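Asks: build me a model from this:
(chains A, B, C and D)
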There are 2 protein chains.
Amino acid sequence: MRKLLLADDHELVRETIAEFLRLQGGFCVVSANSLDSALATLDKEGPVDLVLLDYAMPGMDALTGLATMKARAGCPVAILTGTAPPDVARRALRAGAAGFLPKTLAPQSLVAAVRHMLSGETYMPLDFLTKIEPDDGRINLTPREKDVLLGISEGKSNKEIARDLDIQEVTVKLHLKTLSRKLGAKNRTHAAMLARDMGLT
Amino acid sequence: MRKLLLADDHELVRETIAEFLRLQGGFCVVSANSLDSALATLDKEGPVDLVLLDYAMPGMDALTGLATMKARAGCPVAILTGTAPPDVARRALRAGAAGFLPKTLAPQSLVAAVRHMLSGETYMPLDFLTKIEPDDGRINLTPREKDVLLGISEGKSNKEIARDLDIQEVTVKLHLKTLSRKLGAKNRTHAAMLARDMGLT
DNA sequence: TATCCCCCTATGCAATTGGATAGGGGGAGG
DNA sequence: CCTCCCCCTATCCAATTGCATAGGGGGATA
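Replies: Residues are numbered from 1 along each chain as shown, chains lettered A, B, ... in the order given. As a prediction, this is how the structure comes out:
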């Protein structure tokens, strides 16, 4: 029988999902309430076939928890989340998650998703697939635009960036405007977040 | 002889530091130009006593690379960086790094730092030590501040956030000001980046 | 009760940001 | 040569942000 490890700090949510996966999916499910205890459970209970990790949970610290678990578990690791921002999904998948499961997912879909991932595939809800495409197409910023974007994402003001790059402040604004258009960003903060969502950190 | 793994994508920098550590430190140094190749090198060359990772390098993706390496290497892992923002240093240490080495470090200090970390200690340049204390304790934002921070990190304007939360724009500014102080952010963009670096996404 | 914290609001001002318009100079390629 | 693209600069203006000051109301707690 396929064995799953489910880690979520909400007792109720965790046990509900675990029980559901046992009854409806016929899986063997072990659970944990934090990243650390999940790792400990792995040591104790032996290897599993799939790990489901709550995105917001003690020890997760954004996606570093995913990386840790992936390195330790040696099996697909999926991210489970209550709030479902599409950009988190993107980052999770890029960071090597086997899938991204919003808790709003229909129960039957949950079982299907788990089976899907157990067979080695990557799972992602349809809603997100469409929202990913647009950013799929190649975005190419000019070197200068990357310089500016880097400065922005370090929280610098235009003035500071201008000084660092030894250009005028207006020019920084110019680059910011064009790169924001390319990225589809509403403002500098949005641009910075999008930059981090891609590899441009 | 103590064995080090040095990963940096800048050929020149990497080899210079490696050679220096060999000659001045008497270490055995193996090197790699990306996180993946560093992990591959570990498999091939066997375990090492200390890993030095460039912070901005293919595959690092902020601190997830650190987590991956830590889980795999089973030895202290330090972060190496050219640009040295103190907040990165803090996060690196909190994420379990054995040390934080700015490339501007005096060569002799570099050897000392490496020896320090080999003995299991944590290394960090003096400049940063002072700046760490204040944020040392857990940062706790009030619920409202988190709401605002969330909006900020979605690139929304104060006006939009105010509408979403059904409060006045001034109040949004107020929360932004206080949460920025708590996080040590210079402005909204900086706050957004810090927010994403922690779990508060 | 007194005190503290959180939340909210208001006014006003300085600084920054965002955006439009209008250029010049240089390099690459048809 | 002409065109396109990138980079740079300038001026001007509207909008937003950042910051300070000065409150009121409610809930928790000592």
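Asks: would you map out the domains in chain A?
Replies: A:3-134, A:143-197 (automatic domain parsing).
Asks: state the mean pLDDT of the shortest one.
Replies: Per-residue confidence for domain A:143-197 averages out to 90 on the pLDDT scale.
Asks: same thing with stretch A:79-90?
Replies: 68.
Asks: how many residues are close by residue A:4?
Replies: Using other Cβ atoms under 10 Å in any protein chain shown, residue A:4 is surrounded by 25 other residues. For every residue, glycine as well, the C-beta is placed using N, CA and C.
Asks: wasn't it part of a strand?
Replies: Yes. Assessed by DSSP: H, G, I helix; E, B strand; the rest coil, residue A:4 belongs to a strand.
Asks: could you look up the SS state of the residue nearest the centre of chain A?
Replies: The structure's chain A has its C-alpha centroid closest to residue A:92; by Cα atoms, centre = their mean the separation is 2.3 Å. When classified by three-state DSSP, residue A:92 comes out as helix.
Asks: list the contacts of it.
Replies: Residue A:92 sits next to A:55, A:63, A:66, A:79, A:100 when contact means Cβ atoms under 8 Å, 6 or more residues apart in numbering or on different chains.
Asks: quick one: contacts for the residue of chain A found nearest DNA strand D?
Replies: As assessed by Cβ to the nearest atom of the strand, DNA strand D sits closest to residue A:142 within chain A, at 2.9 Å. For residue A:142, the contacting residues are residue A:175, by Cβ under 8 Å, 6+ apart.
Asks: show me where chain A has its helices.
Replies: A:11-25, A:35-45, A:64-73, A:86-94, A:107-118, A:126-136, A:143-152, A:158-165, A:169-183, A:188-197 (DSSP state H).
Asks: look up how far residue A:177 lies from the residue of chain A closest to DNA strand D.
Replies: Residue A:142 sits 13 Å away from residue A:177, going by Cβ to Cβ, to the nearest Å.
Asks: the contacts of residue A:92 in strands, which ones?
Replies: A:79, A:100 (DSSP state E).
Asks: now render the contacts of residue A:92 as JSON lines, adding neighbour count.
Replies: Listed next are those as JSON lines, based on neighbours: other Cβ atoms under 10 Å in any protein chain shown:
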{"residue": "A:55", "neighbour count": "27"}
{"residue": "A:63", "neighbour count": "26"}
{"residue": "A:66", "neighbour count": "26"}
{"residue": "A:79", "neighbour count": "25"}
{"residue": "A:100", "neighbour count": "25"}
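Asks: farthest-apart pair in the contacts of residue A:92, please.
Replies: Across those, the longest distance by Cβ to Cβ is 11.5 Å; it joins A:63 and A:100.
Asks: what's near enough to touch the residue of chain A positioned farthest from its centre?
Replies: Most distant from the centre of chain A: residue A:168, at 37.1 Å, with distances by Cα atoms, centre = their mean. Taking Cβ under 8 Å, 6+ apart as the criterion, residue A:168 is in contact with residue A:162.
Asks: one more time with 10 Å
Replies: For residue A:168, the contact set (Cβ atoms under 10 Å, 6 or more residues apart in numbering or on different chains) comprises A:158, A:162, A:174.
Asks: so which of the contacts of residue A:92 comes closest to chain B?
Replies: Chain B lies nearest to residue A:63 out of the contacts of residue A:92, by Cβ to the nearest Cβ, at 5.1 Å.
Asks: returning to that earlier point: closest one to residue B:2 among the domains of chain A?
Replies: Across those, closest to residue B:2 is domain A:3-134 (Cβ to Cβ), at 23.7 Å.
Asks: for residue A:185, which non-adjacent residue is closest in space?
Replies: residue A:191 (3.7 Å; Cβ to Cβ, 6 or more residues apart in numbering or on different chains).
Asks: right, and the one you found touches residue B:193 too?
Replies: No. The criterion here is Cβ atoms under 10 Å, and residue A:191 misses it with residue B:193 at 11.4 Å.
Asks: now do the shared contacts for those two.
Replies: A:152, A:153.
Asks: to DNA strand C, which of the domains of chain A lies closest?
Replies: domain A:143-197 (3.3 Å).
Asks: contacts only, for residue A:180.
Replies: A:145, A:149, A:152, A:186, A:187, A:188, A:190, A:191, A:194.
Asks: quick one: buried ones out of the residues you listed?
Replies: A:145, A:149, A:152, A:188, A:190, A:191, A:194 (16 or more other Cβ atoms under 10 Å in any protein chain shown).
Asks: give me the subset of those touching DNA strand D.
Replies: Taking Cβ under 7 Å from any atom of the strand, the overlap between these and the neighbourhood of DNA strand D is residue A:145.
Asks: biggest separation within the buried ones among the contacts of residue A:180, which pair?
Replies: A:145 and A:190 (15.2 Å).
Asks: so residue A:19 sits right up against residue A:29, yeah?
Replies: Yes. Counting by Cβ under 10 Å, residue A:29 is a contact partner of residue A:19 at 8.1 Å.
Asks: looking at the two, which is more packed in?
Replies: Counted by other Cβ under 10 Å, residue A:19 and residue A:29 do not tie: residue A:29 has more neighbours, with 21 against 12.
Asks: what bridges to that one?
Replies: Per DSSP bridges, the residues bridged to residue A:29 are residue A:4.
Asks: quick one: contacts for it?
Replies: A:2-6, A:14-15, A:17-22, A:48, A:52, A:114.
Asks: out of those residues, who has the most neighbours?
Replies: In the contacts of residue A:29, the most neighbours by other Cβ under 10 Å go to residue A:52, 29 neighbours.
Asks: now residue A:121. Its backbone dihedrals?
Replies: Backbone torsions of residue A:121, given as degrees, to the nearest 10, read phi -80, psi 170.
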